[in-house]
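Asker: need coordinates for the below:
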Amino acid sequence: MPELPEVETTRLNIAERLLGARIERIGLGKPLRWPLGVAPEALLQRQVLGVRRRGKYLLLDLDHGLLLLHLGMSGSLRLATELPPPGPHDHFDMLTNHGVLRLHDPRRFGAVVYAQSESDPVALKLLGRLGVEPLSPAFEPKAFFAALRQRRACIKQVLLAGEVVVGVGNIYASEALFAAGIRPTTVAARLSRPRVQRLHAAIVQVLQQALQAGGSSLRNFSNADGQSGHFQLQTQVYDRAGQPCRVCGNPIRLLRQGQRSSYYCAHCQKA
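Answerer: Modelled structure (predicted):
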């Protein structure tokens, strides 16, 4: 699934190029996770005022309302002056005077949803419970520790839930926990303040490294120019079950938590 670094990489690819663009046509393919929520014709001639990100959502601010885009499990966006005719996995085309923005999503778990504003019930349903942005000044160690003290679930599941801190998906949660020396099964509320401080720093560091690498391209992800990310080439534990730990040499272990794969080193990550 495209996670925060992949979505932010996409935002950086398209934000400047879409600024001021006017929508000339909307093309819809097979239905996505949620309906668009407005007649495509109602979006014509609206202008793109900016592109933001909230968690794993891209927000296209229009002169009237906004579009919320989610890449789902396997989606990616392309922006080009010309694109070939839509294929079977191309489900949304936004033709503008600055180029065509296309959502490609083989598994159709992505979405493009219109809302009148961020206070619209449609937007609140999607964004209202999202936690703090991990790369923003609002992500503070003290507040992070206080929030984790209220969580009785395993730390890995708390990170994935996105209600304490948003956008730390499976790849980056595994990597941050390894960097902090914390086992994914450790109960969040039992983490000491020093361990939470190490985890806080690890989350920021891992996400920044992933951004610099253009995100991870494990399956279908590519940025808006069609280029793959490279962070998957430098992971310490993720997708390395059975391989030697790069630090201690012990085999990386795999366990299942809530139908998600967790990778860890039993020697480097203490319970």
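Asker: what about stretch 5-15, average pLDDT?
Answerer: The average pLDDT within stretch 5-15 is 91.
Asker: where are the low-confidence patches of this protein?
Answerer: Applying pLDDT under 70 to the chain flags the ranges 1, 214-233.
Asker: repeat that with 80
Answerer: For the chain, the stretches with pLDDT under 80 are 1-2, 214-233, 271.
Asker: which one's the longest helix in it?
Answerer: Ranked by residue count, the top helix of the chain under DSSP state H comes out as helix 193-212.
Asker: now do the buried residues in it.
Answerer: Under the neighbour-count criterion of 16 or more other Cβ atoms under 10 Å, helix 193-212 has 195-200, 202-203, 206-207, 210-211 buried. Backbone N, C-alpha and C define where each C-beta goes, glycine included.
Asker: now swap in stretch 72-88 and tell me
Answerer: Neighbour count says stretch 72-88 has 72, 74-79, 83, 86 buried, by 16+ other Cβ under 10 Å.
Asker: all strands for this protein, in order.
Answerer: Assigned by DSSP state E, the strands in the chain fall at 23-28, 48-54, 57-62, 66-70, 76-80, 90-96, 99-104, 111-115, 253-257, 260-264.
Asker: now those in TSV, with distance to residue 168?
Answerer: Output for the strands of the chain, formatted as TSV (distance: least, Cβ to Cβ, whole Å):
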stretch	distance to residue 168
strand 23-28	32
strand 48-54	14
strand 57-62	15
strand 66-70	16
strand 76-80	20
strand 90-96	27
strand 99-104	24
strand 111-115	21
strand 253-257	14
strand 260-264	13
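Asker: of those, which is nearest residue 34?
Answerer: In terms of Cβ to Cβ, the element of the strands of the chain nearest to residue 34 is strand 111-115, at 4.7 Å.
Asker: so which of the strands of the chain comes closest to residue 135?
Answerer: strand 48-54 (9.8 Å).
Asker: sheet partners, orientation included, of the closest one?
Answerer: strand 57-62 (antiparallel) (DSSP bridges).
Asker: just to revisit the earlier point, nearest to residue 35, of the strands of the chain?
Answerer: strand 111-115 (7.6 Å).
Asker: and the angle from that closest one to strand 23-28?
Answerer: If you take axes from the mean of the first three to the mean of the last three Cα atoms, to 10 degrees, strand 111-115 sits at 130 degrees to strand 23-28.
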